[in-house]
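Novice: pasting the sequence and the predicted model now:
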Amino acid sequence: MTSESPGGSPDAPEEEPTIIWEGADRAGPDGLTVGRTAALVGVSVKTLHHWDAIGLARPSGRTWAGYRVYSGDDVARIHRILVYKELGFPLARIGRLLDDPDADAREHLRRQRSQLVARIARLEKMVGAVDQMLAASRSGMRLTPEEQVEIFGADWQPTWVDEAEQRWGDTAQWGQYAERAARMTPADWQEVAASTEALNADLAAALRAGVAPGSDAANALAERHRALLSRYFDCTHAMHACLGRMFVDDPGYAEYFDALAPDLTRWLRDVIFANAEAHGVDPDSATWE
């Protein structure tokens, strides 16, 4: 047998000479060096050296210069090792499985496929659980969109929670809301929805009855409104004044309150402002705390 002169050192396998297979009667041009094999299968050269040393995945031959050479069958064995390793099998057991005289290559593939399918099913369940936890940690609300509509009414839009997070998500108050809402059960949310509906009805009735901002009755309604907000976060009188200002400036909030009673938004702002003043807060200069 003949070969070309060496074109490099073991540290530069890309310049190796034509391969001579030990125990073969001719050169094997399709062999892969350890570096190329490592790149192909996605492991380190050090790993292949270790597997060679323990007899788990030995190259079928070497060049006369001493380079390890992996055949197609060698690479296929490495792939099977990687699948078993991914499944959590220790190397010693992998070696016994691959060297089992009663199992052929197709049997290994069938076994690995079955185990991979089972693992995929487990991982999909885990992904679903993580998605639910992400949704809960993002919004704080552990209600499905269907449950939200059932509890809050047909006009409720589950996307409002995401919109609120985009607007307030970087505030300490949103963190309070997320923590508190995550502990709330559907029954808790039903109680909050009922309280909100009752308060809205009383606000609309007070407006129609001509209740003046600053009166005892109006201040009591303002405190009920602030207490309801405090179910989600600690709402101070200054923050309440900021929200009253926002209700008028934000078309979405104005539409919501004015749908309960004409001009309810401006009246509610005036009620909140008067109550804030009664507690020593200037509503015009109030800032979010």
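Specialist: Thanks, I have it.
Novice: all helices of the stretch 151-289 of the chain, in order?
Specialist: 159-168, 172-182, 186-208, 216-229, 237-249, 251-260, 264-278 (DSSP state H, counting those that start in this stretch).
Novice: need the winner for burial among these.
Specialist: The highest mean neighbour count among the helices of the stretch 151-289 of the chain, using mean count of other CB atoms under 10 Å, belongs to helix 264-278: a mean of 22. Placement of C-beta: from N, CA and C, glycine included.
Novice: nearest to residue 94, of the helices of the stretch 151-289 of the chain?
Specialist: Closest to residue 94 of the helices of the stretch 151-289 of the chain is helix 172-182 (CB to CB; 43.2 Å).
Novice: tell me the angle of that closest one relative to helix 216-229?
Specialist: Going by axes from the mean of the first three to the mean of the last three CA atoms, to 10 degrees, helix 172-182 is angled at 70 degrees with respect to helix 216-229.
Novice: compare the helices of the stretch 151-289 of the chain and give me the one nearest residue 36.
Specialist: The nearest among the helices of the stretch 151-289 of the chain, by CB to CB, is helix 159-168 at 49.4 Å.
Novice: tell me the angle the closest one makes with helix 251-260.
Specialist: Note on geometry: by the same axes, to 10 degrees, helix 159-168 and helix 251-260 are set 130 degrees apart in direction.
Novice: look up how far residue 94 lies from residue 31.
Specialist: 23 Å (CB to CB, to the nearest Å).
Novice: the helices of the stretch 151-289 of the chain: which one's closest to residue 86?
Specialist: Closest to residue 86 of these, according to CB to CB: helix 172-182, at 34.6 Å.
Novice: just send the helices of the stretch 151-289 of the chain back as CSV, with distance to residue 39 and mean pLDDT too.
Specialist: Formatted as CSV, those follow (distance: least, CB to CB, whole Å; pLDDT from 0 to 100):
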stretch, distance to residue 39, mean pLDDT
helix 159-168, 44, 74
helix 172-182, 46, 83
helix 186-208, 55, 93
helix 216-229, 60, 96
helix 237-249, 59, 94
helix 251-260, 56, 91
helix 264-278, 67, 97
